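> pasting the sequence and the predicted coordinates here, then a few questions.
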Amino acid sequence: MTCWALLALKPPHLGKTRLAGVLSRTQRERLIRVMFERVLGALDGAEEIDRVAVITPALELLPRGVIALDDPGAGLNHALGEGRRQLIARGADEVLVLHADLPALTATEVDDFVRQGRRASLALAADRHGSGTNAILLAGRGDFNFRFGTESFARHLNEARTRGLEPARAALPGFAADIDEAADLQDFTDTHGSLLAPNLAPWSTTRWTPSPKTFLLLHAAEHG
């Protein structure tokens, strides 16, 4: 079995705009780079991952050995679908689709997730709210339409069931802890201490408190 990991990454200067209230542009760009590097490190250390491909125009961020794929320009779901088809054409039997902002992810969790998905033919990992999808493992080459966006976890479940699949639902902390909102960043620093802080100094020490308006937007994940 050959398992590829597939990620999509915006250019750092265009990403994480919803953190603008707590991080400067320089800090946001650094955060994107650090999180991406940590995800790549977890994938590199995972026994079950054979190759890694990234859909991005930011080729300067890709280390040697990581395959760059073009973005067709029709949105994230279309790009990931096209990317998966390209990887299957290159010989992939399994494709792990995950986001690039999972800074607590470990190689052990990646291996566990892949093995769960292999047994069920499909695995899903939700974000910490249980509404977004942070990773999908697709074992086999059957069709699957990606549904990233608002409330994507329920929509991915529905997509799976229309195809006669009951996915494994992985509860792995490293897959749940993505960072899109100021609240996510605060929760991460509360839970993981200074895991990111050395890479983002000077770090704001102002604790974020949600207003009623921002709370309503909390679950509308940037990539879902």
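Yes, it's here.

> which residue packs closest to Asp112, ignoring adjacent ones?
Of all residues beyond its chain neighbours, the one nearest Asp112 is Leu172 (6.3 Å), with distances taken as CB to CB, 6 or more residues apart in numbering. Heads up, the C-betas are built off the backbone N, CA and C, glycines and all.

> next, count neighbours for the one you found.
If you count neighbours by other CB atoms under 10 Å, Leu172 ends up with 21.

> cool, and Ala171?
If we define neighbours as other CB under 10 Å, then Ala171 has 8 of them.

> cool, and Ala74?
The burial count for Ala74: 10, using other CB under 10 Å.

> got it, and Glu37?
Glu37: 15 neighbours (other CB under 10 Å).

> just Thr26 next, same as before
11.

> secondary structure class of it, three-state.
Here Thr26 is recorded as helix under DSSP: H, G, I helix; E, B strand; the rest coil.

> any idea how far it is from His13?
Distance, Thr26 to His13, using CB to CB, to the nearest Å: 10 Å.

> and the residue nearest to Asp112, what does it touch?
109, 112-113, 125 (CB atoms under 8 Å, 6 or more residues apart in numbering).

> so which of these are in strands?
Ala125 (DSSP state E).

> quick one: which two of the contacts of Leu172 are the most distant?
Taking CB to CB as the measure, the contacts of Leu172 span a maximum distance of 10.4 Å, between Asp112 and Ala125.

> those two: which is more packed in?
Ala125 (30 against 18).

> enumerate every residue touching the more buried one.
Contacts of Ala125 (CB under 8 Å, 6+ apart): 98, 113, 133-136, 169-170, 172, 175-176.

> out of these, name the ones that lie in helices.
113, 175-176 (DSSP state H).

> hang on, the earlier thing: for the contacts of Ala125, which PyMOL command selects only the ones that are buried?
Restricted to buried positions by 16 or more other CB atoms under 10 Å, the PyMOL selection for the contacts of Ala125 reads:
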select buried, resi 98+113+133+134+135+136+170+172+175+176
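
> reformat the contacts of Ala125 as CSV; add distance to Glu82 and pLDDT.
What follows is those, written out as CSV (distance: CB to CB, whole Å; pLDDT from 0 to 100):
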residue, distance to Glu82, pLDDT
Leu98, 17, 98
Phe113, 23, 98
Thr133, 18, 97
Asn134, 20, 97
Ala135, 19, 98
Ile136, 15, 98
Arg169, 26, 96
Ala170, 25, 90
Leu172, 27, 95
Phe175, 24, 97
Ala176, 27, 93
